[in-house]
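[1] Sequence isn't available, so here's the structure alone:
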């Protein structure tokens with residue numbers, strides 16, 4: 001092993017890996033050196049590599065900022081240090097004798113301030129498992145829709161759906177017996193910017209998309225009627241108008257309401273204020289064509305620098321406005337969750353946590369020491385995507401997590417769970433490893449960077465326990481070694497999507513084969529709808545965009561689809577003859593019954609399937625070629641639900657959930 005390879009191993013870079021077809025791949029030394037350097041460990045010469053290895057050895061000798069352990073289990077420590085003094089979150093003090101090199105077991109989950117000799121650190125004691133659905137009764141079988149909030153319409157014309165429309169949806173589904181609704185990410189985007197509107201490319205995962213806030217949910221005058229638009233959302237025009245409307249609401253606040261917003265914002269601390277300052281600066285500089293903080297004048301690159309402090313001091317009302325926008329979004333979403341629980345939903349909102357943040361956004365600016373700098377994340381090249389993917393996102397730095405005592409991960413979990421009954425972690429494999437590449441380099445110049453997986457999922461379990469909330473891991477695709485076992489042990493629910501649940505003979509598995517601690521789904525925002533798949537509409541898109549497999553053609557794909565239709569209909573056990581490709585309605589109903597009968601404790605169906613639509617919200621791997629995140633429903637939700645065919649489909653899913661699961 002060369003010194004460079006030793007350095008790569010020490011910092012968690014995987015030099016040899018296997019792709020989706022089990023073919024061995026090896027990262028070049030040039031790529032390893034570039035990534036190591038970007039991670040803060042220079043590797044451009046033998047001397048630099050030696051210095052970096054020495055630095056790593058020194059870092060490992062330092063006491064950690066946080067130790068994560070399991071409730072009821074002894075905690076291994078670096079060395080025998082005598083006694084430990086612990087202070088629990090409620091202020092209780094505990095004195096424990098260190099036995100050999102282990103701290104005695106602590107039964108109560110929580111965070112403890114710990115002093116061992118001269119060292120002070122935090123001990124996180126995680127429960128054995130996440131908070132689960134058994135807390136609501138072992139005989140309950142839960143169901144609900146998954147909702148793309150912007151797609152919703154109401155009676156008052158609006159250019160896109162907001163939290164008021166979500167509240168209406170939650171109330172209507174609660175009345176139909178649903179216990180949960182999974183929503184698209186509602187992280188903060190760039191305010192008033194109508195170009196970067198993907199919910200999976202946020203400016204910050206700590207804060208909310210202010211354009212989603214609804215003044216009517218917090219007792220303020222409602223947003224004015226606006227352009228309704230057609231089948232697609234005009235984000236470029238709608239988001240600047242929404243920002244202007246929110247300014248009008250802010251300018252009309254009563255003194256008492258302004259005082260309330262100020263008081264609540266102070267409780268958000270410096271991190272909230274820094275985000276508001278970022279948004280104010282972004283609005284200012286983006287109007288001059290400077291998008292992303294790296295394009296700002298250099299004096300504004302430091303959040304704590306004199307130029308930023310001076311700007312905030314000279315523009316207090318602008319900062320107050322952006323604090324108000326965050327307050328409104330937060331209070332709106334809290335109201336939606338509270339009202340959904342009051343309406344009888346057991347879980348309420350199931351939030352979605354994006355895998356990373358925009359490299360030029362608020363989190364990148366505010367948490368530079370905690371995030372990857374000079375690296376972006378994506379996917380490696382493989383036979384299905386020979387060029388790989390660069391998502392132009394950044395994520396947590398393993399070193400930054402360790403040095404901060406995992407503070408940004410804990411804060412991100414708490415932010416999401418403070419206004420929802422559960423959380424879906426997008427691309428949960430990223431808790432184990434992420435494909436990273438240096439800025440400006442191709443995906444082929446990347447490598448897998450490993451993360452402290454066990455600590456991250458145990459902290460998720462602890463935050464789940466504290467919030468009494470469900471955790472779902474988006475685990476679709478080729479799993480890293482040990483991932484599935486660890487997720488199962490921690491009590492996170494995996495996702496079981498109809499299209500991917502195949503048996504060894506390539507047929508679809510029966511509902512009795514779905515594991516109980518999972519979420520059964522007819523599809524996701526990234527997959528074809530049931531109607532779209534049955535009619536072959538997804539193949540229409542693939543052909544139009546030149547995305548058919550390289551070794552195939554439309555005729556061959558049609559033949560494969562015809563065979564798969566037979567397999568799917570046979571799995572559904574339909575007594576009627578197989579419907580024709582242009583007759584998807586019976587298939588949609590059968591698919592809903594299928595996941596409803598699954599042994600999974602939770603079943604979710606996208607609105608697109610409940611309404612038997614052919615179009616999907618997003619087509620992975622496309623940007624402008626497909627109208628991603630732009631589609632709207634054809635009518636207000638109350639009209640769509642009242643349609644007899646839709647009502648029957650929803651009733652099919654609800655009734656299937658009340659039956660004993662298949663195979664029991």
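    Noted; the coordinates are in hand. Just so you know, these numbers come straight off a predicted model, no measurement behind them.

[2] contacts, neighbours, all on C-alpha from now
    OK.

[3] what helix or strand is residue 120 on?
    strand 119-126 (DSSP states H and E).

[4] Return the list of helices and strands in contact with that strand.
    Strand 119-126 sits against strand 66-70, strand 110-116, helix 453-467, with contacts defined as 3 or more Cα pairs under 8 Å, 6 or more residues apart in numbering; DSSP states H and E.

[5] For whichever strand or helix holds residue 333, what is the distance to the chain centroid?
    Using DSSP H and E, residue 333 sits in helix 316-342. Averaging C-alpha positions (Cα atoms, centre = their mean, to the nearest Å) puts helix 316-342 20 Å from its chain's average.

[6] After it, which helix or strand is next? Please name it.
    Counting by DSSP H and E, what follows helix 316-342 is strand 348-353.

[7] Any idea what the residue nearest the centre of the chain is bridged to?
    By Cα atoms, centre = their mean, the chain has its centre lying nearest to residue 353, at 1.9 Å. Counting by DSSP bridges, residue 353 is bridged to residue 425.

[8] My read is that it contacts residue 183, right?
    No: using Cα atoms under 8 Å, residue 353 is not in contact with residue 183, being 10.2 Å away.

[9] ok and the strand holding residue 120 relative to strand 66-70, angle-wise?
    30 degrees (axes from the mean of the first three to the mean of the last three Cα atoms, to 10 degrees).

[10] And strand 119-126, what's buried?
    Across strand 119-126, burial judged by 16 or more other Cα atoms under 10 Å covers 120, 121, 122, 123, 124, 125, 126.

[11] Other residues contacting stretch 125-132?
    68-71, 106, 108-112, 458-462, 464-465, 468-471, 489-492 (Cα atoms under 8 Å, 6 or more residues apart in numbering).

[12] Pull out the buried members of the residues you listed.
    68-71, 106, 109-112, 458-462, 464-465, 468-471, 490-492.

[13] give me the number of residues near residue 429?
    Neighbours of residue 429 under the rule other Cα atoms under 10 Å: 22.

[14] pLDDT score assigned to it?
    Note on residue 429: pLDDT of 96.

[15] repeat for residue 79
    58.

[16] Kindly report the same for residue 320.
    98.

[17] before we move on, what about residue 496?
    97.

[18] contacting residues around it?
    Here residue 496 is in contact with 514, 518, 519, 520, 521 (Cα under 8 Å, 6+ apart).

[19] Apply 10 Å and report the result again.
    Shown in contact with residue 496 (Cα atoms under 10 Å, 6 or more residues apart in numbering): 474-476, 514-515, 518-523, 595, 598, 600, 603.

[20] and it, backbone torsions?
    phi -120, psi 100 (degrees, to the nearest 10).

[21] And it, how close does it get to residue 511?
    Distance of residue 496 to residue 511, given as Cα to Cα, to the nearest Å: 11 Å.

[22] so what sits against both of those two?
    In contact with both residue 496 and residue 511: 520, 595, 598, 600, using Cα under 10 Å, 6+ apart.

[23] What subset of these is buried?
    520, 595, 598, 600.

[24] ok, now which ones touch the residue nearest to residue 647 when sequence neighbours are not counted?
    Distances taken as Cα to Cα, 6 or more residues apart in numbering put residue 641 closest to residue 647, at 5.8 Å, once the chain neighbours are dropped. By Cα under 10 Å, 6+ apart, the residues touching residue 641 are 169, 172, 173, 610, 611, 635, 647, 648, 649, 650.

[25] Surely residue 512 touches residue 571?
    No: using Cα atoms under 10 Å, residue 512 makes no contact with residue 571, being 11.2 Å away.

[26] Now for those two: what residues contact both?
    Looking at what touches both residue 512 and residue 571 (by Cα under 10 Å, 6+ apart), the common residues are residue 594.

[27] Please name the bridge partners of residue 518.
    With DSSP bridges as the rule, residue 518 is bridged to residue 494.

[28] so it touches residue 511, yeah?
    No: counting by Cα under 10 Å, residue 518 sits too far from residue 511 to count as a contact (12.0 Å).

[29] list residues touching both of the two?
    598, 599, 600.

[30] which neighbours does the strand holding residue 120 have in its sheet, and in what orientation?
    Assessed with DSSP bridges, strand 119-126 is paired to strand 66-70 (parallel), strand 110-116 (antiparallel).

[31] which stretch in the ones you listed has the least confidence?
    Among those, strand 110-116 scores lowest, at a mean of 91.

[32] ok, which stretches of the stretch 401-550 of the chain are helices?
    Secondary structure of the stretch 401-550 of the chain (DSSP state H, counting those that start in this stretch): helices located at 407-417, 453-467, 483-490, 530-535, 537-544.

[33] Check which helices and strands the last one sits against.
    Looking back up the chat, that one is helix 537-544. With contacts taken as 3 or more Cα pairs under 10 Å, 6 or more residues apart in numbering; DSSP states H and E, helix 537-544 sits against helix 530-535, helix 554-572.

[34] ok, and for that helix, which residues are buried?
    537, 538, 539, 541.

[35] do the same with the first one
    Using 16+ other Cα under 10 Å as the burial criterion, the residues of helix 407-417 that qualify are 408, 409, 410, 413, 414, 415, 416, 417.

[36] Can you convert those into CSV and add a column each for pLDDT?
    Formatted as CSV, the buried residues of helix 407-417 follow (pLDDT from 0 to 100):
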residue, pLDDT
408, 97
409, 98
410, 98
413, 98
414, 98
415, 97
416, 97
417, 97
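
[37] Could you check how far the closest residue to residue 299 other than its chain neighbours is from residue 300?
    Using Cα to Cα, 6+ apart and skipping residues adjacent in sequence, the residue nearest residue 299 is residue 307, 5.9 Å away. Relative to residue 300, residue 307 is positioned 6 Å away (criterion: Cα to Cα).

[38] Which of the two has more residues huddled nearby?
    residue 300 (20 against 16).

[39] Isn't the more buried one up against residue 284?
    No: contact criterion Cα under 10 Å: residue 300 and residue 284 do not qualify, at 11.9 Å.
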